[in-house]
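Colleague: Here is the input, now give the coordinates:
(2 chains)
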2 protein chains.
Amino acid sequence: MSDSFKIGLAGLGTVGVGVIKMLQQNADVIAARAGRSIEIISVIAGIKAKDRGVDISAYDWANSLEDMAQDQRLDAVIEMVGGSDGEIKSFVETALDNGKHIVTANKALLAHHGYDLAQRAENNNVTIAYEAAVAGGIPIIKSLREGLAGNKINSVYGILNGTCNYILTEMRETGRDFADVLDEAQEKGYAEADPTFDVDGIDAAHKLVLLGALAFGVKPDFDALNIEGIRHITSKDIRYADDLGYRIKLIGMARLSQDGNAMQSIAPCLVSTKSAIAGVEGVFNAVQTNGDFVDQTMMEGRGAGEGPTASSILADIIDLARGNNRLIFGVPTAQLNTAQWQGAEVLSCQCYIHVKAEDKSGVIADITACLKEADVSIDSFIQRGHEDDGSASVVIVTHEARFSDIQKAVKIVEGLACVLDKPTLLRIEDI
Amino acid sequence: MSDSFKIGLAGLGTVGVGVIKMLQQNADVIAARAGRSIEIISVIAGIKAKDRGVDISAYDWANSLEDMAQDQRLDAVIEMVGGSDGEIKSFVETALDNGKHIVTANKALLAHHGYDLAQRAENNNVTIAYEAAVAGGIPIIKSLREGLAGNKINSVYGILNGTCNYILTEMRETGRDFADVLDEAQEKGYAEADPTFDVDGIDAAHKLVLLGALAFGVKPDFDALNIEGIRHITSKDIRYADDLGYRIKLIGMARLSQDGNAMQSIAPCLVSTKSAIAGVEGVFNAVQTNGDFVDQTMMEGRGAGEGPTASSILADIIDLARGNNRLIFGVPTAQLNTAQWQGAEVLSCQCYIHVKAEDKSGVIADITACLKEADVSIDSFIQRGHEDDGSASVVIVTHEARFSDIQKAVKIVEGLACVLDKPTLLRIEDI
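Modeller: Below you'll find the model as predicted:
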């Protein structure tokens, strides 16, 4: 164990630079905890000549990803390029085939190809470590895979996308609307120029797939996922939810029932202001798990950024340098089950419904009749203010009912002549 | 790795029974995650013939702790007897000398003898795993030792004793006083018949010492710890704190400054109701850490009980069964530093002061003069109600000042003729 652990870094963006800074600044504690020094042998990125604020002159510049993947000197390759197919997938495959461990923050790659890559890693007696791929600096992968390993995990709930959580927090605190806050988030660097992956829930979905696979010991299956983003959430929805004692959060939820049925969903949901997860604000992420012996645990921390992501990558590197023996999804891939995935429509839940309707008599009678028709009963019903455009907001909290029945009821409401816009339907999650 | 991992269980109380249940009920997932089956070879407890609700007939009953410690068949011994000296210390030492790993929930033993025992374990090429010793089911030891291993940790704050947190939560929610709630907690089994270790902060202190050692890479030092319990907290203090926007929590705090000075303290403190830690209620525990790259992370979960403690013990057993290579305090014992411990008096902080005084004119002038004398300035000052006994409550929040100056000011206040009782002085922690 006295030889250094030798790594190559592919990708020198924010995270890559963070990893270099951390290895340089904390070399002493890292070596003590790893039992040997960690040595960067080579790096590669799109552009070589660029001031990155760190000194990389001591490292080789690899000729190509392919070359790095085949470099006989390397114990592990740290993949921070991103992308789920093409060149980056080949790079990872080649590195695995050449007996190198992979450390990555690439949730998209693993959500789509995790099972095949895990098999390939096993065949080559190496591993793929991805603490940085889920929930930034929070050591949730290690906690699920090892810290709670004696439990059967029943559910995982998470706030998995800092951009969405920042936008929803800002909307609530300032009363501004989605588009306005998104603009600001882009200016501040909290949202990408193309925000689709974040605000449409895809990034959170990639992370949830990995959490679900690890928690339940099932093959990661991105296609078995209901995904709904936050573009349609208005500042009014957030205010009404607040009045009712709820926060709106983009919630990733994975559940496994005793009969083996499983569910994965990304959707904006209402959560009680009294729940711990409701207090997770701004760019923070959180993951709450429920295990059969440990009961509920929650972890919260920064969901992205140079430092937190580098922290997770270093944790993985130190683990590998110590020679620890890790199974990628907690059990050998041959033992991963194929879950019986169900859609969110089978859930039994309370819901929030916001209907924009004409402000005239008979509207409430019409709307409530639609709910009755679909066998959905009402827990509370509030008619909110009269808008400048002559419309009225009707806000309904249903009793617990089958989600598909509530969806059906809302479809009927949407067809009413007095209803001016597609109603907003959000689940209330009792977390 | 196909041989089973063989263990002996010493102690068959709540936790021991939990471990047996978990090993029986979750044998399949545990074996898959450990890579081999976990086999209980022998057990021992004070009384053999007793209905414990689990079937132990398949396990040998060890003749003595000494016999179990020397049993050549065992890979690890799970110590759930408790106690920090005498027979239990000898048992652990003998087991280590006989090449057996120790898994334990015994925070007292490790807080007092952790350094010597860790050296002994290293000399015998075995480890001591103690996830269950701190914060129940929360995998905080693994997170600090591995999940955040690339960071220099600056601070650890924790709610580390569920009994105290339950009592403080109940006092706030019901307005009842300490003694009354303690009685109830004892009836419900949340507090021991002799509650000293819990309510006087000793149990929390044992845990904090282990967290500090691991976080900062220093020798555990129980004697370098300020410990203050919660017996003197009244329901009035809790109400006044609430009015001011704070919760009173028994806070364990360990800090390491850049100049190498360190501090450990267990004390009831005021924390803002807006902080995540303020929302940790009842028997739940939480640990918040700050690392130089990861920034703030918080973990919350059940702090005690059969299931959560068994969960942590099983996590350690699975880790050992996988052959993972762990350093007890994160680095080799020879590399542990001796911290320069300082007392809480050097802190710079705001404080809450509650003075019970005669309800007559001039009292406020006298009290404020005392604070001025000690160079402590006042942020807010509230005179509260008039009591049946003719006294008045004066509540002061100071500006930030050196804690020793504030202590001195309170000493002067205590000497005033109009002051009827020892004032309550609590730090306000900005967590």
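
Colleague: which regions of chain A sit below the pLDDT cut-off?
Modeller: Residues of chain A that meet the criterion pLDDT under 70 lie in A:1-2, A:385.

Colleague: Going by the annotation, which residue ranges form each domain of it?
Modeller: A:5-133, A:140-302+A:329-344, A:347-429 (automatic domain parsing).

Colleague: What's the end-to-end length of the last one?
Modeller: The distance separating the two terminal residues of domain A:347-429, taken as CA to CA, to the nearest Å, comes to 11 Å.

Colleague: would you turn the domains of chain A into a markdown table with distance to chain B?
Modeller: (C-beta placed from N, C-alpha, C; glycine too.) As requested, these are exported to a markdown table (distance: least, CB to the nearest CB, whole Å):
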| stretch | distance to chain B |
| --- | --- |
| domain A:5-133 | 4 |
| domain A:140-302+A:329-344 | 3 |
| domain A:347-429 | 18 |
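
Colleague: winner for burial among those domains?
Modeller: domain A:140-302+A:329-344 (a mean of 21; mean count of other CB atoms under 10 Å in any protein chain shown).

Colleague: now it, how far from the centre of its chain.
Modeller: 6 Å (CA atoms, centre = their mean, to the nearest Å).

Colleague: Okay, and the residue located most distally from the centre of chain A sits in which element?
Modeller: Within chain A, the residue lying farthest from the chain centre (CA atoms, centre = their mean) is A:Ser361, at 44.2 Å. Assigned by DSSP states H and E, A:Ser361 falls within no helix or strand.

Colleague: give me phi/psi at it?
Modeller: The phi and psi values for A:Ser361, taken as degrees, to the nearest 10, are phi -70, psi 150.

Colleague: Surely A:Val397 touches A:Cys351?
Modeller: Yes - with contact defined as CB atoms under 8 Å, A:Val397 and A:Cys351 form a contacting pair (7.4 Å).

Colleague: still on that earlier bit, out of the domains of chain A, nearest to B:Pro139?
Modeller: Comparing the domains of chain A by their distance to B:Pro139 (CB to CB), the top pick is domain A:140-302+A:329-344, with 2.5 Å.

Colleague: how long is the closest one from one end to the other?
Modeller: First-to-last residue span, domain A:140-302+A:329-344, CA to CA: 24 Å.

Colleague: What of stretch A:342-356?
Modeller: So stretch A:342-356: terminal residues 31 Å apart, CA to CA.

Colleague: Which residue ranges of chain A form helices?
Modeller: A:14-25, A:27-34, A:65-70, A:86-97, A:107-123, A:140-142, A:162-174, A:178-188, A:196-199, A:202-216, A:235-243, A:306-321, A:363-373, A:403-414 (DSSP state H).

Colleague: Would you reformat the domains of chain A as JSON lines and include distance to B:Leu416?
Modeller: Below are the domains of chain A laid out as JSON lines (distance: least, CB to CB, whole Å):
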{"stretch": "domain A:5-133", "distance to B:Leu416": "50"}
{"stretch": "domain A:140-302+A:329-344", "distance to B:Leu416": "41"}
{"stretch": "domain A:347-429", "distance to B:Leu416": "55"}
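
Colleague: For B:Ser377, find the nearest of these.
Modeller: B:Ser377 sits nearest to domain A:140-302+A:329-344 of all the domains of chain A, at 31.8 Å, using CB to CB.

Colleague: residue of the stretch 201-350 of chain A with the smallest distance to chain B?
Modeller: A:Leu314 (2.8 Å; CB to the nearest CB).

Colleague: show me what contacts that residue?
Modeller: Shown in contact with A:Leu314 (CB atoms under 8 Å, 6 or more residues apart in numbering or on different chains): A:19, A:22-23, A:26, A:30, B:149-151, B:293.

Colleague: Export those residues to CSV and append columns for distance to A:Ala417.
Modeller: CSV is the format used below for the contacts of A:Leu314 (distance: CB to CB, whole Å):
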residue, distance to A:Ala417
A:Val19, 59
A:Met22, 61
A:Leu23, 65
A:Asn26, 66
A:Ile30, 67
B:Ala149, 63
B:Gly150, 62
B:Asn151, 61
B:Phe293, 58
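
Colleague: which of those residues sit farthest apart?
Modeller: Checking those with CB to CB, the most distant pair is A:Val19 and B:Ala149, at 13.7 Å.

Colleague: now the closest residue to A:Asp60 other than its chain neighbours, which residues is it bridged with?
Modeller: Nearest in space to A:Asp60, with sequence neighbours left out and distances taken as CB to CB, 6 or more residues apart in numbering or on different chains, is A:Ser42 at 4.0 Å. In this entry, A:Ser42 is beta-bridged to A:Gly8, A:Asp60, by DSSP bridges.

Colleague: Next: A:Cys351.
Modeller: Applying DSSP bridges, one finds that A:Cys351 bridges with A:Arg427.

Colleague: just checking, it touches A:Thr424?
Modeller: No - judged on CB under 8 Å, A:Cys351 makes no contact with A:Thr424 at a distance of 10.1 Å.

Colleague: doesn't A:Arg427 make contact with A:Val410?
Modeller: No - contact criterion CB under 8 Å: A:Val410 and A:Arg427 do not qualify, at 11.9 Å.

Colleague: and A:Leu320, what does it touch?
Modeller: Here A:Leu320 is in contact with A:5, A:75-76, A:101, A:103, A:127, A:129 (CB under 8 Å, 6+ apart).

Colleague: One more: A:Cys349?
Modeller: A:Cys349 neighbours (CB under 8 Å, 6+ apart): A:400-401, A:403, A:406, A:427-430.

Colleague: Then A:Thr169?
Modeller: A:281-282.

Colleague: now swap in A:Ala339 and tell me
Modeller: Here A:Ala339 is in contact with A:212, A:216, A:218-219, A:221, A:224, A:256, A:260-262 (CB under 8 Å, 6+ apart).

Colleague: One more pass at 10 Å, please.
Modeller: A:212-213, A:216-221, A:224, A:254, A:256, A:260-264 (CB atoms under 10 Å, 6 or more residues apart in numbering or on different chains).

Colleague: Please apply the same query to A:Val181.
Modeller: A:166-174, A:190-191, A:235.

Colleague: Which stretches in the stretch 201-350 of chain A count as strands?
Modeller: Listed in chain order, the strands of the stretch 201-350 of chain A (DSSP state E, counting those that start in this stretch) span A:226-227, A:246-256, A:261-272, A:284-291, A:295-302, A:340-342, A:348-358.

Colleague: got those as CSV, with distance to A:Leu371 columns?
Modeller: Below are the strands of the stretch 201-350 of chain A laid out as CSV (distance: least, CB to CB, whole Å):
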stretch, distance to A:Leu371
strand A:226-227, 23
strand A:246-256, 20
strand A:261-272, 18
strand A:284-291, 31
strand A:295-302, 33
strand A:340-342, 24
strand A:348-358, 8
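
Colleague: do you know which of those strands lies nearest B:Thr196?
Modeller: Judged by CB to CB, the one of the strands of the stretch 201-350 of chain A that comes nearest to B:Thr196 is strand A:295-302, at 27.4 Å.

Colleague: For the closest one, name the packing helices and strands.
Modeller: helix A:140-142, strand A:153-159, strand A:284-291, helix A:306-321, strand B:284-291, strand B:295-302, helix B:306-321 (3 or more CB pairs under 10 Å, 6 or more residues apart in numbering or on different chains; DSSP states H and E).

Colleague: Restricting to C-alpha, output stretch A:8-19 in PDB.
Modeller: Taking Å, rounded to 0.1, in the frame of the first residue of the first chain, the C-alpha atoms of stretch A:8-19 are listed here in PDB:
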ATOM      1  CA  GLY A   8      -6.100  10.600 -14.600                       C
ATOM      2  CA  LEU A   9      -8.600  13.400 -14.700                       C
ATOM      3  CA  ALA A  10     -10.800  13.700 -17.800                       C
ATOM      4  CA  GLY A  11     -12.600  17.100 -17.800                       C
ATOM      5  CA  LEU A  12     -11.200  20.300 -16.200                       C
ATOM      6  CA  GLY A  13     -14.400  22.300 -15.700                       C
ATOM      7  CA  THR A  14     -15.600  23.500 -12.300                       C
ATOM      8  CA  VAL A  15     -15.500  20.000 -10.800                       C
ATOM      9  CA  GLY A  16     -12.200  19.000 -12.300                       C
ATOM     10  CA  VAL A  17     -10.600  22.200 -11.000                       C
ATOM     11  CA  GLY A  18     -12.200  21.500  -7.600                       C
ATOM     12  CA  VAL A  19     -10.700  18.100  -7.400                       C
END
